[in-house]
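**Student:** Provide a 3D model corresponding to the input given below.
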Amino acid sequence: MITIIDYNTCNVGSIQNMLRKLGYDSVVTNNQEKIFNATKLILPGVGAFDHGINNLKELGLIPIIKEKVNSGTPILGICLGYQLLSRSSEEGKEAGLGLIEADTIKFSLENTKLKTPHMGWNNLIYNGNFKLFHGLDANARFYFVHSYFVKCDSPSIISANTEYGGMFASAIEKENIFGVQFHPEKSHKYGMRIFTNFINAK
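**Tutor:** You can find the predicted model right below:
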């Protein structure tokens, strides 16, 4: 079962509605047993890093998520959920899930006319033939809203970059771990393709 982890950080209904529109059944839950039995995991989220990780702690979900991912279950982190895959964030003091070799840092936009949060539609610059972007072209646009971004130790896991005061890793792919800084559930047909590719990824 496709399992959307509900840890009180966002409206998970929009993700489930898009999956339903695509013909996929899913469950929204913070039940440990249901998450343990998931075949695919989606970790969404908006808001502060520490708030998100502490909610996962209080629900007892961190060990289960780590066990599932380390045993090969695919996971898609979205926005804050993507950032929580990293080791830490400049936004807070709590440790992240540490599932990718990366840290979350704040945009440094001094001497530019750009502001945070980075909000609105933007393109991706693909870094190769990664699973999540199969069938998408360079004109695909996605909706962003964030003030922090994931900085990876190695460029090898960065599947796409986006320009905003410099390049940042707008998506990563490492074996069964996927993360996107944008919101596919708000990105219309392009977001639908992201979900389809994730669900069909082997």
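**Student:** C-alpha from now on. contacts and neighbour counts both.
**Tutor:** Will do.
**Student:** For F195, give me its contacts.
**Tutor:** Remark: with contacts taken as CA atoms under 8 Å, 6 or more residues apart in numbering, F195 is in contact with 19, 184.
**Student:** for the longest helix belonging to the chain, which positions count as buried?
**Tutor:** Counting by DSSP state H, the longest helix found in the chain is helix 188-200. Along helix 188-200, these residues count as buried under the neighbour rule (16 or more other CA atoms under 10 Å): 190-199.
**Student:** now Q32: how far from S86?
**Tutor:** Separation of Q32 from S86 (CA to CA, to the nearest Å) stands at 22 Å.
**Student:** okay, these two: which has more neighbours?
**Tutor:** Remark: of Q32 and S86, S86 carries more neighbours, 21 against 16, as counted by other CA atoms under 10 Å.
**Student:** The more buried one touches A102, doesn't it?
**Tutor:** Yes - under the criterion of CA atoms under 8 Å, S86 is in contact with A102, at a separation of 5.0 Å.
**Student:** Name the residues contacting each of those two.
**Tutor:** The overlap between the contact sets of S86 and A102 (CA under 8 Å, 6+ apart) consists of V150.
**Student:** which of the residues in the strand or helix carrying A171 are buried?
**Tutor:** A171 is part of strand 167-174, with elements assigned from DSSP states H and E. Along strand 167-174, these residues count as buried under the neighbour rule (16+ other CA under 10 Å): 168-173.
**Student:** Give me the packing partners of it, helices and strands only.
**Tutor:** Contact here means 3 or more CA pairs under 8 Å, 6 or more residues apart in numbering; DSSP states H and E; on that basis strand 167-174 packs against strand 148-152, strand 158-163, strand 177-180.
**Student:** and if we set it to 6 Å?
**Tutor:** Contacts defined by 3 or more CA pairs under 6 Å, 6 or more residues apart in numbering; DSSP states H and E place strand 167-174 against strand 158-163, strand 177-180.
**Student:** Right, I'll leave it there.
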